[in-house]
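Student: sequence and predicted structure below; questions after.
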Amino acid sequence: MVKIHPTADVQTNQIGDNTIVWQYSVILLGARIGNNCNINFNVFIENDVTIGDNVTIKSGVQVWDGVRIEDDVFIGPNVTFTNDMVPRSKHYPESFKETIVCKGCSIGANSTIVAGTILGAYAFVGAGSVVTKSISPYHVYYGNPAKHKGYITKEGVLLDLGFKDKNGIIHKIIELGND
């Protein structure tokens, strides 16, 4: 069963079971949203957007055309995606750059994700970051512009650049992508 708050403007019927849409959110007709998602207060989701299962989108997020969000993703409050590399008033591109947020990725509050990037599986973007290039799986990035600062395990254990956790234990990440 889908729960949609009466103040939300939900135009799509492509929403999976057990998804909740909170107050004052707007979801346009072409959007596709999976099962067991939590779309918080005051979220805007445009038409050409795909959201997987078990996704949490916190308050104040804008998800524009061309954004693909895979399963188990966390998007923190006030994260902003872009989709036009040279925006001009009343000038629309023929197509928008595609941005992909891969399975298990987490994006911290107030981050900006520039169009055309891929955020790898289980990657972690720290709060307030400006992501201008793609991030490999299991990598930790933060800053403006966001830079590689460490790694993260699938279970969410933060590691330094030497793969050590806060206790000095070295971890091996089998599925690590190239940096």
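Tutor: Received the coordinates, thanks.
Student: enumerate every residue touching Phe44.
Tutor: Phe44 is in contact with 25-26, 61-63, counting by C-beta atoms under 8 Å, 6 or more residues apart in numbering. For glycine as for every other residue, the C-beta is placed from the backbone atoms N, C-alpha and C.
Student: so where's the chain uncertain?
Tutor: Along the chain, the parts satisfying pLDDT under 70 run over 176-179.
Student: hang on, the earlier thing: please spell out the PyMOL selection for the buried subset of the contacts of Phe44.
Tutor: Of the contacts of Phe44, the buried ones go into a single PyMOL selection, burial set by 16 or more other C-beta atoms under 10 Å:
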select buried, resi 25+26+61+62+63
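Student: I'd like the contacts of Phe44 as JSON lines, with distance to Ile169 and secondary structure appended.
Tutor: Output for the contacts of Phe44, formatted as JSON lines (distance: C-beta to C-beta, whole Å; DSSP: H, G, I helix; E, B strand; the rest coil):
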{"residue": "Ser25", "distance to Ile169": "42", "secondary structure": "coil"}
{"residue": "Val26", "distance to Ile169": "45", "secondary structure": "strand"}
{"residue": "Val61", "distance to Ile169": "35", "secondary structure": "coil"}
{"residue": "Gln62", "distance to Ile169": "39", "secondary structure": "strand"}
{"residue": "Val63", "distance to Ile169": "37", "secondary structure": "strand"}
